[in-house]
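>>> Give me a model of this one.
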Amino acid sequence: MRTTESPRGDWRLQPAGLLDVPFIYELALQGCEEGAYCEAYLSPGGRVSLLARLLKTALLGGKGLLRNLPESGRLLLLSQGQRAAGFCWLLPEPGLSAARIDMFSLASPCQCGGGGTAMLRALLQALPAEHILLAECTPYAAGMKRLLKRNGFRRDRQSRVQHGCVGLDVYRYQSPAAQPHADRARSQTAVA
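I've put the predicted structure just below:
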């Protein structure tokens with residue numbers, strides 16, 4: 001479990017369990033209604049599909065934040081004290097040493113209080129060396145785009161259009177290469 005300090009208290013980001021799925025499901029549907037996620041989940045069949053995927057991911061998601069992501073991905077729950085505050089749904093990106101943020105959401109009372117920054121920074125700290133973290137944003141996700149840019153993500157020149165969805169802007173973060181201690185000391189000396 002990783003804990004990130006914020007001015008308004010301790011934030012914890014950890015794998016979600018089955019009991020967290022109702023909270024995550026409601027936040028995901030709210031995001032769909034606001035245009036942040038694919039609207040296909042709003043149909044009756046889409047709601048059932050979303051709930052089934054969330055349950056499968058919670059059951060099979062495993063431990064940790066970013067290492068060894070299963071095909072179903074991993075649901076992460078952000079909490080502040082004893083209160084659930086948000087979630088992140090990570091999926092592996094086939095063919096790359098990468099993970100993709102499929103959904104990233106905070107409950108309304110927790111927005112603008114440092115929770116989004118805490119959640120994203122915990123993900124970046126857990127990102128293995130030389131791995132990539134991708135995020136896809138709809139045109140309506142202006143706050144998420146600002147958060148990504150402030151934390152070192154760069155927008156790809158080409159957007160992606162998924163079946164049944166609006167065009168998505170793709171943001172990418174490349175974790176730095178791991179440096180041996182001697183090389184790290186040399187590079188810090190050169191900067192100083």
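
>>> So for stretch 28-39, what gets flagged as buried?
When neighbours are counted by 16 or more other CB atoms under 10 Å, the buried residues of stretch 28-39 are found to be 28, 29, 31, 32, 36, 37, 38. The C-beta positions use only the backbone N, C-alpha and C, and glycine is treated the same way.

>>> burial measure for the closest residue to residue 11 other than its chain neighbours, as a count.
Distances taken as CB to CB, 6 or more residues apart in numbering place residue 118 nearest to residue 11, at 3.8 Å, with adjacent residues excluded. By other CB atoms under 10 Å, the residues close to residue 118 number 27.

>>> okay, the buried residues of stretch 28-39 in CSV with secondary structure, pLDDT and distance to residue 58 next?
Output for those, formatted as CSV (DSSP: H, G, I helix; E, B strand; the rest coil; pLDDT from 0 to 100; distance: CB to CB, whole Å):
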residue, secondary structure, pLDDT, distance to residue 58
28, helix, 89, 12
29, helix, 88, 16
31, helix, 84, 18
32, helix, 82, 19
36, coil, 72, 21
37, coil, 76, 18
38, coil, 71, 20
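
>>> Take the residues you listed and write them to CSV, including distance to residue 61.
Compiled in CSV, the buried residues of stretch 28-39 are given as follows (distance: CB to CB, whole Å):
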residue, distance to residue 61
28, 15
29, 20
31, 19
32, 21
36, 22
37, 19
38, 20
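
>>> For residue 126, state which of those is nearest.
Distance to residue 126, by CB to CB, is smallest for residue 28 among the buried residues of stretch 28-39, at 22.0 Å.

>>> neighbours of the closest residue in space to residue 70 that isn't next to it in sequence, just the number please.
Distances taken as CB to CB, 6+ apart place residue 60 nearest to residue 70, at 5.4 Å, with adjacent residues excluded. Residues near residue 60, counting by other CB under 10 Å, number 12.

>>> So what does residue 60 have for phi and psi?
Main-chain dihedrals, residue 60, degrees, to the nearest 10: phi -100, psi 0.

>>> wait, doesn't it sit right on residue 69?
No - counting by CB atoms under 8 Å, residue 60 stays clear of residue 69, with 10.6 Å between them.
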